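Enquirer: Model the following, please.
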Amino acid sequence: MYTTALFGVSDPHSKGEGERDIHVGLDIGGAAGMPVHCFADGTVHSLGYNPEPGDYGYVIVTQHELGGRRVWALHGHLSAESIKGKECGQRVIGGDWLCSTGAEAENGGWPPHIHFQLSFQEPETHDMPGVVSISQRSDALARYPDPRGVLGPLYPGDGLFTAECAAGGSKLRRATD
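Expert: Okay, the predicted model is just below:
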């Protein structure tokens with residue numbers, strides 16, 4: 001699926017543990033310029049541009065407190081316009097426009113979509129691995145919670161998370177818990 005050197009054994013995110021081919025975020029397709037709204041109140045943690053072909057392109061990472069736990073959300077494959085006027089520490093409001101999907105020429109070379117990923121570990125920069133190797137899978141499952149916990153059901157009746165989460169609640173809890 002991933003054909004660039006960015007996902008190969010020599011990439012720093014691979015840490016010599018094999019090719020990265022397990023996607024740990026959630027991709028939501030849409031036309032270039034599709035608005036993306038903040039899922040909850042928080043702050044801008046970091047932002048930037050990853051220029052490597054196949055990378056995120058423009059990125060915003062936000063920080064949130066959910067159920068007493070700090071979580072970071074990466075929004076990748078954005079338009080250049082998305083980071084204009086934003087700065088680290090800036091407050092973001094749930095439901096407000098945060099960014100827009102970027103065209104292929106600015107989003108790492110992908111068809112327009114947003115890569116949305118949560119992390120329980122604070123990223124050092126505006127980057128975090130959105131794809132891991134099989135040997136990194138168990139660590140990634142502990143570090144990067146399923147983003148559907150904050151986005152809610154993606155299709156009718158998916159039943160994966162509680163109605164509380166689907167309604168924008170702050171608990172990251174599976175319906176079976």
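Enquirer: going forward, measure contacts between C-alpha atoms and count neighbours the same way
Expert: OK.
Enquirer: List the contacts of F39.
Expert: G94, G95, V150, L151, G168 (C-alpha atoms under 8 Å, 6 or more residues apart in numbering).
Enquirer: Look up how far A40 lies from the fourth one.
Expert: Here L151 is placed at a distance of 10 Å from A40 (C-alpha to C-alpha, to the nearest Å).
Enquirer: These two: which has the busier surroundings?
Expert: Set L151 next to A40 and count neighbours by other C-alpha atoms under 10 Å: A40 wins out with 21 against 17.
Enquirer: JSON lines for the contacts of F39, including secondary structure, pLDDT and distance to E81?
Expert: Below are these laid out as JSON lines (DSSP: H, G, I helix; E, B strand; the rest coil; pLDDT from 0 to 100; distance: C-alpha to C-alpha, whole Å):
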{"residue": "G94", "secondary structure": "coil", "pLDDT": "94", "distance to E81": "20"}
{"residue": "G95", "secondary structure": "coil", "pLDDT": "92", "distance to E81": "19"}
{"residue": "V150", "secondary structure": "helix", "pLDDT": "88", "distance to E81": "25"}
{"residue": "L151", "secondary structure": "helix", "pLDDT": "85", "distance to E81": "24"}
{"residue": "G168", "secondary structure": "coil", "pLDDT": "44", "distance to E81": "27"}
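Enquirer: Most neighbours of all the residues you listed, which one?
Expert: Neighbour max across the contacts of F39 (other C-alpha under 10 Å) = V150, 23 neighbours.
Enquirer: Can you give me the distance of it to V71?
Expert: According to C-alpha to C-alpha, V150 and V71 sit 11 Å apart.
Enquirer: ok, and for the lengthiest helix in the chain, which residues are buried?
Expert: Criterion DSSP state H: the longest helix present in the chain is helix 137-143. By neighbour count on 16 or more other C-alpha atoms under 10 Å, the buried set for helix 137-143 is R137, A140.
Enquirer: Give me the contacts around that helix.
Expert: Contacts for helix 137-143 (C-alpha under 8 Å, 6+ apart): I22, V24, S119, F120, Q121, V132.
Enquirer: Tell me where the model's unsure across the protein.
Expert: Counting by pLDDT under 70, the ranges of the chain that qualify are 1-21, 153-177.
Enquirer: can you map out the strands along it?
Expert: Taking DSSP state E, the strands of the chain run over residues 22-23, 26-29, 35-37, 42-50, 57-66, 69-78, 91-92, 97-100, 113-119, 131-132.
Enquirer: can you put the ones you listed in JSON lines and add mean neighbour count and distance to L141?
Expert: Output for those, formatted as JSON lines (neighbours: other C-alpha atoms under 10 Å; distance: least, C-alpha to C-alpha, whole Å):
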{"stretch": "strand 22-23", "mean neighbour count": "16", "distance to L141": "11"}
{"stretch": "strand 26-29", "mean neighbour count": "14", "distance to L141": "13"}
{"stretch": "strand 35-37", "mean neighbour count": "16", "distance to L141": "25"}
{"stretch": "strand 42-50", "mean neighbour count": "21", "distance to L141": "22"}
{"stretch": "strand 57-66", "mean neighbour count": "23", "distance to L141": "18"}
{"stretch": "strand 69-78", "mean neighbour count": "24", "distance to L141": "14"}
{"stretch": "strand 91-92", "mean neighbour count": "18", "distance to L141": "27"}
{"stretch": "strand 97-100", "mean neighbour count": "21", "distance to L141": "26"}
{"stretch": "strand 113-119", "mean neighbour count": "24", "distance to L141": "10"}
{"stretch": "strand 131-132", "mean neighbour count": "22", "distance to L141": "10"}
